[in-house]
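J.: no sequence for this one, just the structure:
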């Protein structure tokens, strides 16, 4: 949807964010695509909604999780679990994917050794693509772990079963991010002769 000119994309995390942001969206002259799955309030003390402004839920230096919508609650749980294991993990809910908060993406790249994009969407065309576009346009190099549906639809089922099957639970996200944070990496420069 973000490829359609002049159409904004908003993905509320929960019922509270939907209610709080709806008046702002309705007063905006731009049309909006709202991607929302009804869920009870997921966190307390949230910042007020503004289109194009992400919400930083926690800071971190080892990794920063960028997410939106339904999976915000699961990402919050993953960040909490990782913190309990000694990792410094930030969490940012992007809220709107169009307009997008480019500064939040750049801050995550500056702040942490790893950006993790989490979305209940295809890997191409969503948040991971937005992150790649922003980093490329600004000539910023960052390590990015995309967690998304990779070229396939999810199998329809009850939401809790879909989250478990696709690895989108807090526990599963924690395991994926921890595996990436602890994976040995070759720090050498690879040269390719022509």
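T.: Perfect, I can see it now. Owing to the predicted nature of the structure, the values given are computational and were not obtained by experimental measurement.
J.: for residue 172, grab the count of nearby residues.
T.: 17 (other C-beta atoms under 10 Å). C-beta: built from backbone N, CA, C; applies to glycine.
J.: that one sits in which helix or strand?
T.: helix 170-182 (DSSP states H and E).
J.: please work out the average pLDDT along that helix.
T.: Across helix 170-182, pLDDT averages out at 96.
J.: so what's the gap between that helix and the chain middle?
T.: Computed by C-alpha atoms, centre = their mean, to the nearest Å, the chain-centroid distance of helix 170-182 equals 15 Å.
J.: show me where this structure dips below the pLDDT cut-off.
T.: 42, 44-45, 186-194 (pLDDT under 70).
J.: before we move on, the earlier item: elements contacting the helix holding residue 172?
T.: strand 63-67, helix 72-84, strand 115-122, strand 144-149 (3 or more C-beta pairs under 8 Å, 6 or more residues apart in numbering; DSSP states H and E).
J.: report the buried residues of that helix.
T.: Under the neighbour-count criterion of 16 or more other C-beta atoms under 10 Å, helix 170-182 has 170, 172, 173, 174, 176, 177, 178, 181 buried.
J.: quick one: the strands in this protein, in order.
T.: Ranges of strands in the chain, per DSSP state E, are 8-10, 32-34, 55-58, 63-67, 89-93, 96-98, 115-122, 144-149.
J.: single out the most deeply packed of the ones you listed.
T.: strand 63-67 (a mean of 28; mean count of other C-beta atoms under 10 Å).
J.: which residues touch that one?
T.: Under the contact criterion C-beta atoms under 8 Å, 6 or more residues apart in numbering, strand 63-67 has outside partners 54, 75, 78-79, 82, 87-94, 104-105, 108, 111-119, 127, 131, 145, 173, 177, 180-181.
J.: got it, and stretch 170-188?
T.: Contacts for stretch 170-188 (C-beta under 8 Å, 6+ apart): 62-63, 65, 73-78, 80-82, 85, 87, 89, 114, 116, 118, 145, 147, 164, 167.
J.: repeat that for stretch 26-42.
T.: 1, 4, 6-16, 18, 25, 51, 69-70, 72-73, 76, 159.
J.: with distance to residue 43 added, can I get the helices and strands packed on helix 170-182 in a markdown table?
T.: Formatted as a markdown table, the helices and strands packed on helix 170-182 follow (distance: least, C-beta to C-beta, whole Å):
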| stretch | distance to residue 43 |
| --- | --- |
| strand 63-67 | 12 |
| helix 72-84 | 6 |
| strand 115-122 | 16 |
| strand 144-149 | 20 |
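J.: ok, residue 120 touching residue 69?
T.: Yes: counting by C-beta atoms under 8 Å, residue 120 does reach residue 69; the two are 7.0 Å apart.
J.: the nearest residue to residue 146 once chain neighbours are set aside: how many residues sit nearby?
T.: Computed as C-beta to C-beta, 6 or more residues apart in numbering, the closest residue to residue 146 that is not its neighbour in sequence is residue 128, at 4.1 Å. Neighbour count of residue 128, defined by other C-beta under 10 Å: 24.
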